[in-house]
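>>> fold the following for me, if possible:
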Amino acid sequence: MMSMLKSIVDQQGQARKVVFIHAARNGHVHAMKEDLAKIVAENPSVSKAVSYEDATAQDKKGVDYDHPFMKAQSKSLESLGVSPDRIHMEVSGSPSD
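Numbering: from 1, shown residues only. Predicted coordinates:
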């Protein structure tokens, strides 16, 4: 995905608005975090929406990430009229997590 973002910026410059959406467990495993921050800072037409599953104490909301992923999904479902008792979440990952 990052290579696609870089290609869009290189080929189309500021002519195309792009929102880069990414989800990660937390900042320790957020791939290419610094690269994304640099691209967003240098290109006003590029914005990001990053969600962390389980942000750590070192992760800064509004800097490293924008939303807790599962909470954002639950709120979205509730806003669509889904009853909270019908919303179930299951988090999975590798055994090393």
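
>>> in this structure, which spans are helices?
2-12, 33-42, 69-79 (DSSP state H).

>>> so for the shortest one, mean pLDDT?
This means helix 33-42. Here helix 33-42 scores 96 as its mean pLDDT.

>>> so for it, what gets flagged as buried?
Lys33, Leu36, Ile39, Val40 (16 or more other C-beta atoms under 10 Å). For every residue, glycine as well, the C-beta is placed using N, CA and C.

>>> so how far is Gly13 from the second one?
When you say that, I think you mean Leu36. 18 Å (C-beta to C-beta, to the nearest Å).

>>> quick one: buried residues of the lowest-mean-pLDDT helix or strand in the chain?
None of the helices or strands of the chain scores lower by mean pLDDT, DSSP states H and E than helix 69-79, at a mean of 83. By neighbour count on 16+ other C-beta under 10 Å, the buried set for helix 69-79 is Phe69, Met70, Ser74.

>>> any idea how far Leu77 is from the residue of the chain most remote from its centre?
Distance from the C-alpha centroid of the chain, by C-alpha atoms, centre = their mean, peaks at Asp85 (26.2 Å). Distance of Asp85 to Leu77, computed by C-beta to C-beta: 12 Å.

>>> go ahead and confirm Ala31 touches Arg25.
No - taking C-beta atoms under 8 Å as the definition, Ala31 is not a contact partner of Arg25, at 10.8 Å.

>>> in terms of neighbours, single out the busier of these two.
Arg25 (17 against 10; other C-beta atoms under 10 Å).
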